[in-house]
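Enquirer: Okay, here's the prediction I keep looking at, along with the sequence it came from:
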Amino acid sequence: MDFFSKLIGLDRRWVFLVLGAVVVIVLLLEFPTPIRINPEVKSVYDFVEGLEPGSYVHLALDYDPGTLAEMHPMTYAIMEQLLARKIKIIMTSLSPNGPGMAEEAMLNIMDSARILHGREVVYGQDIVFLGYKPYPGIVILSMGQNYRISFPNDYYNTPVDSIPMMQGVINFDNVEGVILITGTSGVDFWIAYANGRYNVRLAVGLTGVMAADYYPYLKSGQIFGLMGGMLGAAEYEKLVNKLGPASEAMRVQVWTHVAIIVFILIGNISYFVSRRKGGLGK
Amino acid sequence: MNWDTFLWTTLGVGLTLSTFSFLYRDNPFYRFSESLYVGVSAGYFSMILWYNGLVPTLIDRLWVGQPWWQIWGGKWWYVIPGILGLMMWFRFSKKKSWISRYPIAFYLGIATGAAIPLEMQNRVNRQMYDTIRSVFETINSGQSVFSGINDLIIFVGVLCGLFYFFFSLAHKGPIGGVAKVGIYFLMVGFGASFGYTVMGRISLFIQRVQYVRDWFDMGFGGSGGAAAIVWIIILLMVLLVLLEIIRQVTKKPTQQTT
């Protein structure tokens, strides 16, 4: 068996080992990675920057622990910007395993606003978390009529009518837009029901796996912004001038992709050389 | 250091390494962490559904602070969806499973009625309209075709892609050529999805490595990334050695033939 045939039969665990080593080594080294801001991410940032202090944004965090790596950095960056701009946030989480993480993000952001920026964020006045309800399509349709249909109480079982910032907030008409961060197909419900039925301005943050499928909606104007995976999160971190885990991860992404491309090239070259020598069936 | 946080994070690190040990080979550590993840998710999901779904939308509306046998003080008509929900459980009976078809039919009727007009409008009509509109806007604007070249490429790609899935005509001659162009467009689309997918999967791994590094910094004095990563490698090696020992010990001895 010649060298190229051996390469084709290489134990895939060597590939895992090399990729693991690349991730670990690049994390060790600190060097800047240029991050170019794409217009679809910038439009989300511009939307928030253009809002008047005191206006409302609905932040839908519809993801679960499996996609936390890509979604959490987006959530933190956007919430930081919203609170810094004194925008009132109505949060929901329509993914069954999501409410715990959404609550964690909210509490951490409230803490960091107080500790790092000396800014007191008061639950019920600046931010409210309505929690989870099953069947996202039905819940979105009902929120378009009245938040209280699906959420008579918030996540902590406080009646929504007794929450100060919810006074006078009836439905999507009272929010400037929805920023959806999701790792589920629930994004289809938001596009069809929230934007399609109620004409809500919608921006989405999606996992890398999903991102390519939703660019057509950006072009058709059904969504006005799109953040795709870790790259989208890193771009947003750069926009809000707070480099975090996503920006660090992009450094690793670059070199991991180089390693994967090298593996693809080696695999293809080995295949074609072996085939020419008659080692593989033509 | 907050010991409570550190201990929970240590458990998280252990489960992370156990999960990744599957890349080496299937083993008891991996199976334990997998079972734990499935169990915890199912348990959490059930309780969330109970307390966020069934209790506020059915139980609280039927019994407003009254004994369980008195539903008349609440909204008694919620008994109807309650009964429909209970009928679903007949799926588990071989003889009576037909009863569950009634709530399923009811649910499908509502879901279809709500979904079909909106889905058609927003995921088919709007997309078709925009694909055509952008090309005609370029033409009507009187500007060079190159100013709207992207829209034109998308328009051609959509047409060719649709031809590829049009099976009423044989894919021969000009139709075959157009369908072939459609395949190339589809391949470009799949390539873009694959690139994003690779980024997504690597992101998950990077986040777990960051998590282990942060755990090390939390527990062992914030000595920075280098020491943490050395320790990650040592931990992984210890895990692999353990796995090999377990495999050797549990391996069935081969029978000697005389």
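Expert: Arrived safely. Numbers count the residues shown, from 1 in each chain, chains lettered A, B, ... in the order given.
Enquirer: When you work out contacts or count neighbours from here on, use the C-alpha atoms and nothing else.
Expert: Fine.
Enquirer: which residues does whichever residue of the stretch 101-250 of chain A sits closest to chain B contact?
Expert: Residue nearest to chain B within the stretch 101-250 of chain A (CA to the nearest CA): A:Val209, separated by 4.3 Å. Neighbour list for A:Val209: A:229, B:193-194, B:196-198, B:200 [criterion: CA atoms under 8 Å, 6 or more residues apart in numbering or on different chains].
Enquirer: Give me the buried positions along stretch B:233-245.
Expert: Across stretch B:233-245, burial judged by 16 or more other CA atoms under 10 Å in any protein chain shown covers B:236, B:239-240, B:243.
Enquirer: Switch those residues over to a markdown table, and while doing so, append distance to B:Leu204 and pLDDT to every line.
Expert: A markdown table is the format used below for those (distance: CA to CA, whole Å; pLDDT from 0 to 100):
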| residue | distance to B:Leu204 | pLDDT |
| --- | --- | --- |
| B:Leu236 | 18 | 71 |
| B:Leu239 | 21 | 72 |
| B:Leu240 | 21 | 73 |
| B:Leu243 | 24 | 74 |
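Enquirer: among those, which are within reach of chain A?
Expert: The overlap between these and the neighbourhood of chain A (criterion: CA under 8 Å from any CA of the partner chain) is empty.
Enquirer: residue boundaries of the helices in the stretch 1-150 of chain B?
Expert: B:3-20, B:28-49, B:60-62, B:79-87, B:101-119, B:126-140, B:149-164 (DSSP state H, counting those that start in this stretch).
Enquirer: about what we covered before: report the buried members of the contacts of A:Val209.
Expert: The neighbour count (16+ other CA under 10 Å) marks A:229, B:193, B:196-198, B:200 as buried among those.
Enquirer: from these, which is closest to B:Leu11?
Expert: Comparing the buried ones among the contacts of A:Val209 against B:Leu11 with CA to CA places B:Gly200 closest, at 24.6 Å.
Enquirer: got a list of what the nearest residue to A:Tyr217 once chain neighbours are set aside touches?
Expert: In this structure, A:Tyr217 finds its nearest non-sequential neighbour in A:Ile223, 5.9 Å apart by CA to CA, 6 or more residues apart in numbering or on different chains. Shown in contact with A:Ile223 (CA under 8 Å, 6+ apart): A:191, A:195, A:201-204, A:217.
Enquirer: Is any residue of the longest helix along chain A near chain B?
Expert: Determined from DSSP state H, the single longest helix within chain A is helix A:245-276. Yes - counting by CA under 8 Å from any CA, chain B has neighbours in helix A:245-276: A:245, A:249, A:252-253, A:256-257.
Enquirer: In the residues you listed, which residue is surrounded by the most others?
Expert: A:Ala249 (26 neighbours; other CA atoms under 10 Å in any protein chain shown).
Enquirer: looking at it, it is touching B:Ser203, isn't it?
Expert: Yes - at 7.1 Å, A:Ala249 counts as touching B:Ser203 under the criterion of CA atoms under 8 Å.
Enquirer: Residue 131: how many residues sit nearby?
Expert: Assuming you mean chain A. A:Gly131, neighbours per other CA under 10 Å, totals 26.
Enquirer: try again with chain B
Expert: B:Thr131 has 20 nearby residues by other CA under 10 Å.
Enquirer: Distance check, B:Ile61 against chain A.
Expert: No Ile there; residue B:61 is Arg. Distance of B:Arg61 to chain A, computed by CA to the nearest CA, to the nearest Å: 12 Å.
Enquirer: quick one, what contacts that residue?
Expert: B:74-75, B:78.
Enquirer: State the distance from it to B:Trp215.
Expert: Counting by CA to CA, to the nearest Å, the gap from B:Arg61 to B:Trp215 is 46 Å.
Enquirer: Redo the helices of the stretch 1-150 of chain B as CSV? Include distance to B:Gly173 and mean pLDDT.
Expert: Output for those, formatted as CSV (distance: least, CA to CA, whole Å; pLDDT from 0 to 100):
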stretch, distance to B:Gly173, mean pLDDT
helix B:3-20, 51, 89
helix B:28-49, 53, 91
helix B:60-62, 66, 82
helix B:79-87, 57, 92
helix B:101-119, 36, 90
helix B:126-140, 26, 87
helix B:149-164, 13, 90
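Enquirer: Ok, which of those comes nearest A:Pro39?
Expert: With respect to A:Pro39, and counting by CA to CA, the nearest of the helices of the stretch 1-150 of chain B is helix B:149-164 at 15.7 Å.
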